[in-house]
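> have a look; sequence and predicted model below, questions after that.
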Amino acid sequence: MKDKKDKIIKITLIIIIVLLLIHNCTLIKKKGKEKTPSGNINIIEIICENNDNKCDIKDKKTSDDTNDDNLDTSNNKNSVGGNKTTTDTNKKNKDNTSPTSGTEETSDDQLEELTVLDNDITWQDTTELKIFENSMYNLEGVIAPETSNTYEFVVKNSTKYNVKYNINFIETNPYHINMKYKLKKNNTYLVDHYVSYNELNINEQILNASKNDTFYLEWKWVSSDNDNAAGENKANYNLKIEVKAESI
Amino acid sequence: MKGNKKVLVIAVLLLLIAVSYTTYAIYKTSVAGNAEVTAAAWNVVFKNGQTEITTTQNLELTCANNSHVKDGKIAPGATCTGTLTVDATGTEVDVAYTAANDGTILVDGNEYTGDANDFTVTVTDNGNGQIAYNANPQTATITVNLAWGSVEEATTTDPADTALQGETITVPLTLTAKQVVGA
């Protein structure tokens, strides 16, 4: 009798452990191989082991699909008015941090992705962004002293996991154009006065599962003694934005 | 009993492995976007004839229509005119220019301290103008007039006038061009 009992216990234990192992292996496959991103290595899609199928993962969004409720695509300007906000600001996370996103949840169909997108496009590796379009030049990519505008982009966590992310800004500016920035997240300024690009970087932003954070990057070419040299040489200016996230 | 212990050890090991996998399974994502833009061209020069004005230089005044005065000379009652060009060809912003005389007249390099009404300097449109970035051509002409008194005054003898004979009279002009800012 006792032996039988022991046997049953043993078998049950083994079954539980094997099931646990199977579950975790499946989880790892779904998440993709663990990679430590470096440089511009881009992991947006979650790839299954049987590579021909996408498993349960939806295709990457097209620009039509990104007409989220947060984004107004009815005009060509970068700065978009009005985000819908929820009111869950009184809730706390398990680690007692305040919720960082005040925007509505995504549907179940959009799970398994963390994306960054703007009015026009979902960011992919080396996406060209229309940050510097401005009305002075009919929305062309030309700037002059005292031109300014606002660029909106959204970090969208469609995964089942809470994530933390960093945003880094990198400038290439050979003629020292006096470009300055402010940064707003949802309805709150993170940087509320014009600063250089290297004072914009933000770290450890928490974004809960199925939530979004909307950023407003305000830029302005502030007049300086370098302006003539930049204009006489039709200087190029480049800004790169990197978003790196990991689950927590 | 021994068998049971073995099973227990294996079970614990498997459990540990399962927990470790869970611990190391971290989801990571990295995306980047890039924006490149060009500064609008700035290519504005002032020209005296075909010569680009880069430092202080003389603007030649033509004293025409003074049939009783030798060419290139000014006399009481005569007027001399000079032109210069603002050339903004290729500039991609609107340009506002000025050519201003602050009322100073120089005689042989020294400020003239005679009667203020002896000389009158006028500049087209009071020396102000704009050139649009989409104008064709992107140039403007500034006309400078220097008048020495009036014909009526020239009929009387003024020792101050005769004292200026042979002297070089200079009209200082300050030329500026800047980008038009705003809506």
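Looks like it arrived, so ask away.

> state the phi and psi torsions of A:I14.
Main-chain torsions, A:I14, degrees, to the nearest 10: phi -60, psi -40.

> spatially, which residue comes closest to it, not counting chain neighbours?
If you skip the residues right next to it in sequence, A:I14 has B:A11 as its closest partner in space, 6.6 Å away by C-beta to C-beta, 6 or more residues apart in numbering or on different chains. To be clear about C-beta, it is placed using only N, CA and C from the backbone, and glycine gets the same treatment.

> and for the one you found, the neighbour number?
Residue crowding around B:A11 was assessed by other C-beta atoms under 10 Å in any protein chain shown; the count is 15.

> so it, which of the three states?
Using DSSP: H, G, I helix; E, B strand; the rest coil, the structure places B:A11 in helix.

> just checking, it touches A:L13?
Yes. Proximity of B:A11 to A:L13 meets the contact threshold set by C-beta atoms under 8 Å, at 5.1 Å.

> so which residues of chain B form strands?
Counting by DSSP state E, one finds strands in chain B at the ranges B:28-39, B:45-48, B:51-52, B:79-87, B:95-100, B:106-107, B:110-111, B:119-123, B:128-131, B:139-148, B:169-170, B:174-179.

> and chain A, by the same measure?
For chain A, the strands defined by DSSP E occupy A:114-117, A:127-128, A:142-143, A:148-157, A:163-172, A:179-185, A:188-195, A:202-207, A:211-221, A:236-247.

> ok, the second one: who's next to it in the sheet?
Counting by DSSP bridges, the strands paired with strand A:127-128 are strand B:28-39 (parallel).

> now do the buried residues in the partner strand.
Residues B:28-35, B:37-39 are the ones in strand B:28-39 that count as buried (16 or more other C-beta atoms under 10 Å in any protein chain shown).

> what angle separates that strand from strand A:236-247?
Here strand B:28-39 runs at an angle of 170 degrees relative to strand A:236-247 (axes from the mean of the first three to the mean of the last three C-alpha atoms, to 10 degrees).

> strand B:28-39: how far from the chain's middle?
Here strand B:28-39 is found 34 Å from its chain centre; the criterion is C-alpha atoms, centre = their mean, to the nearest Å.

> any idea how far apart the tips of stretch A:220-231 sit?
Across its full length, stretch A:220-231 reaches 16 Å between end residues, using C-alpha to C-alpha, to the nearest Å.

> and the contacts of it?
With C-beta atoms under 8 Å, 6 or more residues apart in numbering or on different chains as the test, stretch A:220-231 has contacts from A:143-148, A:175-181, A:194, A:235, B:39-43, B:91, B:93.

> now do stretch B:121-134
Contacts for stretch B:121-134 (C-beta under 8 Å, 6+ apart): B:40, B:86, B:88, B:91-101, B:103, B:105, B:138-147, B:171, B:173, B:180.

> quick one: end-to-end distance for it.
Stretch B:121-134 has an end-to-end distance of 32 Å (C-alpha to C-alpha).

> now that stretch: mean pLDDT?
Per-residue confidence for stretch B:121-134 averages out to 88 on the pLDDT scale.

> in it, what counts as buried?
Buried, per 16+ other C-beta under 10 Å, within stretch B:121-134: B:121, B:123, B:127, B:129, B:131, B:133.

> number of nearby residues for the residue of chain A at minimum distance from chain B?
Of all residues in chain A, the one sitting closest to chain B is A:G231 (2.7 Å; C-beta to the nearest C-beta). A:G231: 23 surrounding residues under other C-beta under 10 Å.

> one more: B:K178?
Neighbour tally, B:K178, other C-beta under 10 Å: 17.

> OK, contacts around it?
Applying C-beta under 8 Å, 6+ apart, the residues near B:K178 are B:95-97.

> apply 6 Å and report the result again.
The contact partners of B:K178, taken as C-beta atoms under 6 Å, 6 or more residues apart in numbering or on different chains, are B:A96.
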